[in-house]
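Trainee: fold the following, please.
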Amino acid sequence: MKIRIKFAKYGTMKFIGHLDTMRFFQKALRRADIDIKYSEGFSPHQIMSFAAPLGVGIESYGEYMDIEVLSMTSTQDIKDALNKVMVEGIEVLSVTILPEQVKNAMASVSAASYSIRMKDRIFPIDDLEEKLRDFYDQDKIPYTKETKKSTVELDLKQGIYELRSEAGGAIYMLVNASSSGNIKPTMVLEKFCEFADVEIPTEKCQVTRLETYTNIASSEEKRKLIPLAEVG
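Mentor: Next up, the predicted model:
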């Protein structure tokens, strides 16, 4: 039976990397006595799949992990058992049963929404909403991405689906989070600050992933995004 677990990661736990988060859940599933399925072979491991990995320092209320179990009583029992062994800063928000044909969490990700706010004050930008609109209305938003092996020229506009200000002076964005076109929120913030002619170091901002989505439309051009927890 396939199970999808939605969890939050915040506070000091935002500084724990993806691999350590994965190891934490492997131990937590054993402590919670979840009847998880293991792979076969000489080195069995828990059958587990995470959605888009979260960057260090980013908080989230929309993280997902898929597991397979051999038996269970109810999704509520799994949620309660896991939350009893969670540490402060990680909380299981929901547990759902997946239809057999559904892709795993990692393969399902199409988009993610984020909120960005400054840690000690509001963004020092007059008419933030208007500036965001003018920035988004550009035909192209070129970005140079440097990797260890090469330099890639991107058009961020193709991967930004929504961009606006929120109450309290935060910036909301919905961006492509798929493996083929992943747009990091800090990339958008960097280019927006350049456009608005302000200098805001990313370390002075708190980035929070609000939700992770999959596309249930027949094509990417006809996007119909729903949270991963609602699949099925």
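
Trainee: tell me the helix or strand right after the top helix by length along the chain.
Mentor: Ordering each helix of the chain by length in residues (DSSP state H) puts helix 18-31 first. The helix or strand immediately downstream of helix 18-31 is strand 48-50, counting by DSSP states H and E.

Trainee: now the residue sitting furthest away from the middle of the chain: phi and psi?
Mentor: Residue farthest from the centre of the chain, counting by CA atoms, centre = their mean, is Phe42 at 33.1 Å. Main-chain dihedrals, Phe42, degrees, to the nearest 10: phi -80, psi -20.

Trainee: look up how far Asn176 lies from it.
Mentor: Using CB to CB, to the nearest Å, we find Phe42 at a distance of 39 Å from Asn176. All C-beta spots, glycine's among them, are computed from the backbone N, C-alpha and C.

Trainee: packing partners for the longest helix of the chain?
Mentor: strand 48-50 (3 or more CB pairs under 8 Å, 6 or more residues apart in numbering; DSSP states H and E).

Trainee: could you pull up the mean pLDDT of the helix or strand just after the strand it packs on?
Mentor: Of the helices and strands lying after strand 48-50 in sequence (DSSP H and E), the nearest is strand 59-68. The pLDDT scores in strand 59-68 average 96.

Trainee: can you list the strands that strand 59-68 pairs with?
Mentor: strand 2-9 (antiparallel), strand 48-50 (antiparallel), strand 205-215 (parallel) (DSSP bridges).

Trainee: check the offset of that strand from the chain's centre.
Mentor: Taking CA atoms, centre = their mean, to the nearest Å, one finds the center of strand 59-68 at 8 Å from the center of the full chain.

Trainee: give me the contacts around the helix or strand following it.
Mentor: Using DSSP H and E, the helix or strand that directly follows strand 59-68 along the chain is helix 75-84. With CB atoms under 8 Å, 6 or more residues apart in numbering as the test, helix 75-84 has contacts from 3, 5, 28-29, 32-34, 69, 72, 91-92, 94-97.

Trainee: by neighbour count, which of those wins?
Mentor: Ranked by neighbour count (other CB atoms under 10 Å), the contacts of helix 75-84 have Ile5 at the top, with 25 neighbours.

Trainee: buried residues in stretch 168-184, which are they?
Mentor: Ala170, Ile171, Tyr172, Met173, Leu174, Val175, Asn176, Ala177, Ser178, Ile183, Lys184 (16 or more other CB atoms under 10 Å).

Trainee: confidence-wise, which of the residues you listed comes last?
Mentor: Of all of these, Ser178 carries the lowest confidence score, 89.

Trainee: ok, now which ones touch that one?
Mentor: Ser178 touches Val109, Ser110, Ala111, counting by CB under 8 Å, 6+ apart.

Trainee: at 7 Å instead, please
Mentor: Neighbour list for Ser178: Val109, Ser110 [criterion: CB atoms under 7 Å, 6 or more residues apart in numbering].

Trainee: again, but for Ile200
Mentor: Phe123, Cys193.

Trainee: same question for the one 5 residues further on.
Mentor: Cys205 is in contact with Ile116, Arg117, Met118, Lys119, Leu189, counting by CB under 7 Å, 6+ apart.

Trainee: once you drop chain neighbours, what's closest to the last one?
Mentor: Counting by CB to CB, 6 or more residues apart in numbering, Ile116 is the residue found nearest to Leu189 once chain neighbours are left out, at 5.8 Å.

Trainee: element containing that neighbour, please.
Mentor: Using DSSP H and E, Ile116 sits within strand 111-118.

Trainee: quick one on the thing from earlier: ok, so of the buried residues of stretch 168-184, who is nearest Asp197?
Mentor: Nearest to Asp197 among the buried residues of stretch 168-184: Ile171, at 16.2 Å, using CB to CB.

Trainee: right, I'll leave it there.
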